[in-house]
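**Q** Kindly generate the corresponding structure for this input.
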Amino acid sequence: MTEGAKQYEGRRIHPDRLRRFSVRVMERCDLSRSQAEETAEVLVAADAWGVFTHGTRQLVPLMNNVRQGAIDAKASPQVISAEGGCALVDGRNAMPMVSSRLAMRTAIGLAREAGAAYAGVRHSNHFGAAGYYAMMAAEAKMIGIAMSNVDVCMSVPGAAGPVIGTNPIAYAVPAGRENPVFLDIATSVVAVSKVFSAKASGQPIPPGWLVNEEGHSSTDPNDYPEHATILPMAGHKGYGIALLIEVLSGVLTGSSFLGGIKRWVDDDPLPADQGHAFLAIDIERLMPLASFTERMEAMVSEVRSARKAGASGRIFLPGEMEWDRRSEAYRNGLALPDFVIENLVRVARDTDSTGALDFAFDIRKPQ
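**A** Below you'll find the predicted structure:
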């Protein structure tokens with residue numbers, strides 16, 4: 001841990017304070033207040049869920065994309081078409097979280113009219129945690145699905161190197177008195193961000209994450225991405241799902257796909273031209289919402305009451321761990337990992353916001 005980051009070691013930060021710091025940083029990089037607030041909302045939500053690889057640590061590469069012109073701080077996404085149950089948004093290389101929130105809001109609005117809707121985004125960048133956008137639909141009492149294609153970095157069965165991205169997909173389902181059930185996963189055996197985090201912290205990775213140029217397992221994160229490739233989850237199954245996401249996010253939207261996508265984490269990045277896809281399903285077109293949520297509560301109860309193996313004390317529903325972490329974060333503040341603090345210190349220094357970071361860590365609860 002660097003000297004600049006050590007002063008924050010062991011200290012907690014309230015999500016609202018972290019959100020305000022993030023907005024300041026982005027405004028210093030010429031984003032409008034509204035776009036900075038939308039982006040901060042997505043990033044801090046990921047941190048509150050404990051998904052630190054997709055939270056505010058991404059301010060460093062995102063703001064680098066802004067400085068290099070790969071993300072246009074002055075651009076605004078535009079709905080190109082919205083008819084029936086389909087919509088298309090041109091991201092115009094604007095902040096990807098802004099484009100993605102617009103697309104999911106559009107899908108939700110169309111689903112109220114058509115029953116279900118798809119909204120695609122073209123000309124975008126890394127949109128953070130897919131689960132955030134799926135949750136937007138769940139909060140509107142709909143079932144939400146979100147996905148994105150990403151730059152080529154994952155091998156497929158029979159290939160000697162990277163072929164496709166680790167294309168993420170998420171869903172969220174309202175569950176009445178329970179928190180929404182939601183899942184957010186990459187189609188790789190592990191998220192690439194975790195490999196980069198291990199590289200930044202100097203830690204080895206488990207076998208089975210990467211294969212080197214000879215096709216042998218590598219536990220050295222420094223091999224990635226120049227000399228190693230990440231593997232798909234469950235072999236051909238993860239590959240098949242990733243390919244569907246590529247179609248819905250890239251091919252269908254008119255965005256780049258496969259090798260046409262640029263790496264957003266490069267030091268001197270070009271516009272990534274990623275595509276995203278969002279789906280919303282209006283539950284009440286199929287049954288009364290009260291009936292659906294009653295059935296969801298019964299399903300949750302049955303899963304939780306299943307016979308437990310060994311010393312297992314609890315069976316978790318998808319997303320349940322994240323909700324527990326979020327409650328803890330808002331009650332007692334976030335205990336950020338070292339690699340996140342390092343990134344916050346760096347972006348604070350780059351934007352003359354060190355004093356704002358000091359203030360953010362000063363107390364646990366907002367004033």
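**Q** what about the helices in this structure?
**A** 3-6, 15-28, 33-48, 59-68, 96-114, 130-139, 192-201, 236-246, 289-304, 320-332, 338-350, 354-362 (DSSP state H).
**Q** Could you name the helices and strands sitting against the last one?
**A** With contacts defined as 3 or more Cβ pairs under 8 Å, 6 or more residues apart in numbering; DSSP states H and E, helix 354-362 has these neighbours: helix 15-28, helix 338-350. Yep, even glycine has a C-beta here, placed from its N, CA and C like the rest.
**Q** From the rest of the structure, what touches that helix?
**A** 8, 11-13, 17-18, 20-21, 24-25, 344-345, 348 (Cβ atoms under 8 Å, 6 or more residues apart in numbering).
**Q** Any chance of JSON lines for those, columns neighbour count, distance to W264 and pLDDT?
**A** Below are the contacts of helix 354-362 laid out as JSON lines (neighbours: other Cβ atoms under 10 Å; distance: Cβ to Cβ, whole Å; pLDDT from 0 to 100):
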{"residue": "Y8", "neighbour count": "20", "distance to W264": "27", "pLDDT": "92"}
{"residue": "R11", "neighbour count": "16", "distance to W264": "30", "pLDDT": "93"}
{"residue": "R12", "neighbour count": "16", "distance to W264": "30", "pLDDT": "95"}
{"residue": "I13", "neighbour count": "25", "distance to W264": "26", "pLDDT": "96"}
{"residue": "R17", "neighbour count": "24", "distance to W264": "27", "pLDDT": "97"}
{"residue": "L18", "neighbour count": "27", "distance to W264": "22", "pLDDT": "98"}
{"residue": "R20", "neighbour count": "18", "distance to W264": "25", "pLDDT": "97"}
{"residue": "F21", "neighbour count": "25", "distance to W264": "22", "pLDDT": "98"}
{"residue": "R24", "neighbour count": "20", "distance to W264": "23", "pLDDT": "98"}
{"residue": "V25", "neighbour count": "26", "distance to W264": "18", "pLDDT": "98"}
{"residue": "L344", "neighbour count": "26", "distance to W264": "19", "pLDDT": "97"}
{"residue": "V345", "neighbour count": "21", "distance to W264": "22", "pLDDT": "97"}
{"residue": "A348", "neighbour count": "22", "distance to W264": "21", "pLDDT": "97"}
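**Q** Of these, which is the nearest to P157?
**A** Distances from P157 to these, taken as Cβ to Cβ, are shortest for L344 (39.6 Å).
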